[in-house]
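# Quick one: sequence and predicted model below, then my questions.
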Amino acid sequence: MNTDREHLIDLLRAMVRIRRFEERCAELYQAEKIRGFLHLYIGEEAVAVGVMSALRPDDAVVATYREHGHALAKGVEAGPIMAEMYGKLEGTSRGRGGSMHLFDAEHRFYGGNAIVAGGLPLAVGLALADHMMDRDRVSVVFFGEGAMAEGEFHEALNLASLWNLPVLFCCENNLYAMGTALERSQAQTQLALRASAYGVSAWAVDGMDVMAVEEAAVRAVEGVRAGGGPHFLEFQTYRFRPHSMFDPELYRDKAEVAAWKERDPIPALEQHLRALDLITDADMAEMEAAVAAEVDAAVAFAEAGTWESVDDLTRFVHSEEVSV
Amino acid sequence: MTTTTDVRTLTYREAVREAIRHAMQTDERVFLMGEDIGMYGGCYAVSKGLLDEFGPERIRDTPLSEAGFVGAGIGAALGGMRPIVELMTINFSLLALDQIVNTAALYLHMSGGQFNVPVVIRMPTGAGRQVAAQHSHSFESWYANVPGLKVASPATIEDARWMLWTALEDPDPVVIFEHVGLYAMSGELGNDAGPTPLDGAAVRRSGSDVTIVTYGGNVPKALSAADSLADDGISAEVLDLRMLRPLDTGSILYSVSRTHRLVVVDEAWKSVSVAAEVIASVAEHALWELDAPPARVCTVEAPIPYAQHMEEAALPQPAGIVRAVKSVLGR
């Protein structure tokens, strides 16, 4: 794997960018600038950053309702993401989707699917199209461990494996399906074992270590591109914040949260870089300042945005042009 | 003058098969996917022979995974293909409702116009074959309720042959319902027939005393009833909706404004049905055109039984349509 200083700093910056962006989102939610559901990815950043680092720009990503980090890491600009959360026309989805439904055709970012496991068959289909059109692209789908109890998970894995399709299944196991713990809801909690039952190469990865994530993703993507069929990675991770802004967190204790915060992927990488003398206080300050400026600019972009005309409510129920 | 070279005779099943074959010969992005469509030849033999002609990549047998393969069809459409996804029957489509509604129908609007889904989903619908409650549903109205979908109900040989073409040209999801009672129906197809737009109802029989609005497998029943009514001196117009979404309200109102009487025949359960929507539209826009309260002939609100006499009693039948028309006419 790539252990260049510049590359490691890029990974750190990408995680810090997601963290600071979402911390601002939480503030803006309290300020009632952002409404509806808001699911924060804080604590899980290493997964999106490490996986995206292994992809090419023309690879597709299908994500869940907890997808701000994936969109940012895939290259979607912060401004339109923030504007989307404000419900503004300049948002990624004209303000129609909000936090849960970020879309970007240019970056092949297919949502923002807020039906648990609903994105898996979609990713299989994107990969089927690539297979049938003989295109060298990978479709990556992110989902939580809760999705592995859904029928669509099993249908999608079976189809992808049966047809040997170029799909990378990325399970973000943060231990809780909203408030239901994995061991309280699934009989076999060894997730990679279950995926491997479909003849899919599958293994578990420390999702709090961005370098481990990247290394696994590179290996898996190489396997997919080499014609090895779908791969499955279980990223063992943890969300530091509640499920959504409405969650009183009655189902897990503070000691558990605190223990996982000890493994925060951002300080972990920073300390690694410092131990190798690859980063200085000045570097960190510069990085934080640049990220803060980007987040400020995103908020300003959202604030300056406009509201879609209600006259356009029925626009795009159907396509406006026939694209035969 | 019509000569034998201007028309040919084929079944509804053959017309659908010809439509699929034509689309696949014309556009390499088109492929067919579904349960038992390949080796088996299709549950209703629609795709018989196509595997030999096009091979297993494009005549793609799927496992019993309705949500999985419908979702994969949607994803393939997003990826640039033009999939025809066949669900073995409407009954099993309930297992794929999430994908059809939450993905296919919503993605374009929810993405702010970025992601259109050019998928065609075909499925047999309806009852009348003594296959009991779980295999006899008519849920077209569920799909017709959803903005973002277009819902087609071909009832003639010509529509069976040509609606698919237009559906595949459409940039958005189209759901096509083929009534199980129509597959064996034989009829003439003009050699000059061609692509038909996915809008607009069609008058299948002109009349002046009453409008019978129907669709799909009940069009032949309505026409049969109209024949009987003619013997009694009643001139019934039969309007085939063809599309359940968008609904061609204009054609309904136009017909009713001439006949002033309305009977709607729908194989769904009456409550919250397409028939209810038709009558609501007339009530909203042309209530004063009606000389009598409208009537509905629908399936009795009970699960459809196996025993033949019970099933016949549950479903709309020509005799019941005749009775409803006479009642509306006060005769």
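Perfect, thanks for sending it.
# Please identify the helix or strand for the residue of the stretch 51-200 of chain B found nearest chain A.
With distances taken as Cβ to the nearest Cβ, the stretch 51-200 of chain B approaches chain A most closely at residue B:75, which sits 1.9 Å away. In short, each C-beta sits where N, CA and C put it, glycine included. Element membership of residue B:75 [criterion: DSSP states H and E] is helix B:66-78.
# other SSEs contacting that helix?
Other elements packing on helix B:66-78 under the criterion 3 or more Cβ pairs under 8 Å, 6 or more residues apart in numbering or on different chains; DSSP states H and E are helix A:119-132, helix A:151-162, strand B:30-34, strand B:82-86.
# quick one, it and helix A:151-162 angle?
Computed by axes from the mean of the first three to the mean of the last three Cα atoms, to 10 degrees, the angle separating helix B:66-78 from helix A:151-162 equals 60 degrees.
# Show me which residues of the stretch 101-250 of chain A sit near chain B.
By Cβ under 8 Å from any Cβ of the partner chain, the residues of the stretch 101-250 of chain A that approach chain B are A:101, A:103-105, A:110-113, A:115, A:118, A:120-130, A:132-133, A:139, A:151-152, A:155-156, A:158-159, A:162.
# How about the closest residue to chain B within the stretch 151-300 of chain A, nearest residue that isn't a chain neighbour?
The nearest approach of the stretch 151-300 of chain A to chain B comes at residue A:155, 2.8 Å away (Cβ to the nearest Cβ). Spatial nearest neighbour of residue A:155, chain neighbours left out: residue B:68 (2.8 Å); criterion: Cβ to Cβ, 6 or more residues apart in numbering or on different chains.
# Any idea how many residues pack against that neighbour?
For residue B:68, the neighbour count with other Cβ atoms under 10 Å in any protein chain shown is 28.
# ok, it - contacts?
If a contact means Cβ atoms under 8 Å, 6 or more residues apart in numbering or on different chains, then residue B:68 has A:121, A:124, A:152, A:155, A:156, A:158, A:159, B:62 as its contacts.
# Run a quick neighbour tally on the residue of the stretch 151-300 of chain A closest to chain B.
Residue A:155 sits with 27 neighbouring residues when counted by other Cβ under 10 Å.
# Next: residue B:21.
Residue B:21: 16 surrounding residues under other Cβ under 10 Å.
# Residue B:52 is in contact with that one, correct?
No. Under the contact definition of Cβ atoms under 8 Å, residue B:21 does not touch residue B:52, with a separation of 11.5 Å.
# Can you check which of the helices and strands packed on helix B:66-78 gets nearest to residue A:9?
Closest approach to residue A:9 among those is made by helix A:119-132 (30.8 Å; Cβ to Cβ).
# now the angle between strand B:82-86 and the closest one, please.
What separates the directions of helix A:119-132 and strand B:82-86 is an angle of 120 degrees, with the same axes, to 10 degrees.
# picking up where we left off before, please render the contacts of residue B:68 as CSV that adds pLDDT and distance to residue A:188 to the earlier fields.
Formatted as CSV, the contacts of residue B:68 follow (pLDDT from 0 to 100; distance: Cβ to Cβ, whole Å):
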residue, pLDDT, distance to residue A:188
A:121, 98, 22
A:124, 98, 22
A:152, 97, 18
A:155, 98, 18
A:156, 98, 18
A:158, 98, 16
A:159, 98, 21
B:62, 98, 26
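# and residue B:15, what is it in contact with?
With contact set as Cβ under 8 Å, 6+ apart, residue B:15 has these partners: B:157, B:158, B:160, B:161, B:189.
# Among those, which one has the most neighbours?
Counting neighbours by other Cβ under 10 Å, residue B:160 leads those with 28 neighbours.
# That one sits in which helix or strand?
With elements taken from DSSP H and E, the one containing residue B:160 is helix B:157-169.
# CA atoms only: put that helix into PDB for me.
Presented in PDB, the C-alpha positions along helix B:157-169 are these (Å, rounded to 0.1, in the frame of the first residue of the first chain):
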ATOM      1  CA  ILE B 157     -53.200  -7.900 -30.200                       C
ATOM      2  CA  GLU B 158     -51.900  -4.500 -31.600                       C
ATOM      3  CA  ASP B 159     -51.200  -3.100 -28.200                       C
ATOM      4  CA  ALA B 160     -49.500  -6.400 -27.100                       C
ATOM      5  CA  ARG B 161     -47.300  -6.100 -30.200                       C
ATOM      6  CA  TRP B 162     -46.500  -2.300 -30.000                       C
ATOM      7  CA  MET B 163     -46.800  -0.900 -26.500                       C
ATOM      8  CA  LEU B 164     -43.500  -2.500 -25.500                       C
ATOM      9  CA  TRP B 165     -41.700  -0.600 -28.200                       C
ATOM     10  CA  THR B 166     -42.800   2.700 -26.900                       C
ATOM     11  CA  ALA B 167     -42.200   1.600 -23.300                       C
ATOM     12  CA  LEU B 168     -38.600   0.800 -24.100                       C
ATOM     13  CA  GLU B 169     -38.200   4.200 -25.800                       C
END
